[in-house]
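A.B. asks: coordinates only, no sequence provided:
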């Protein structure tokens with residue numbers, strides 16, 4: 001990461017007065033800012049929505065599939 005991008009993506013967001021960041025929250029915010037900065041948000045969002053759909057529906061139908069087998 002070059003210095004300008006480091007300042008833009010990390011310091012501007014994490015160095016807010018009074019903000020407290022845990023490691024997991026800070027990493028999540030930085031990853032999202034990087035995806036947006038790279039112009040990949042639409043692709044990321046489609047992937048995320050698909051994964052969430054599979055997660056929700058796999059749990060919903062898991063028991064009914066086991067009974068049918």
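C.D. replies: Structure's in. What do you need? For clarity, every value in this text was computed on a predicted model and none was experimentally measured. Numbers count the residues shown, from 1 in each chain.
A.B. asks: helices of this structure, residue ranges please.
C.D. replies: 3-6, 12-14, 23-37, 41-68 (DSSP state H).
A.B. asks: now those as TSV including mean pLDDT and mean neighbour count?
C.D. replies: C-beta here means a position set from N, CA and C on the backbone, and glycine is covered the same way. Converted to TSV, those look like this (pLDDT from 0 to 100; neighbours: other C-beta atoms under 10 Å):
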stretch	mean pLDDT	mean neighbour count
helix 3-6	69	9
helix 12-14	74	13
helix 23-37	88	13
helix 41-68	80	10
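A.B. asks: which residue packs closest to residue 33, ignoring adjacent ones?
C.D. replies: residue 9 (5.1 Å; C-beta to C-beta, 6 or more residues apart in numbering).
A.B. asks: the one you found: neighbouring residues, count only.
C.D. replies: Here the number of neighbours of residue 9 (other C-beta atoms under 10 Å) works out to 18.
A.B. asks: so how far is residue 54 from it?
C.D. replies: Noted for residue 9: a distance of 30 Å to residue 54, by C-beta to C-beta, to the nearest Å.
A.B. asks: what's the answer for residue 7, then?
C.D. replies: Relative to residue 54, and taking C-beta to C-beta, residue 7 is found at 37 Å.
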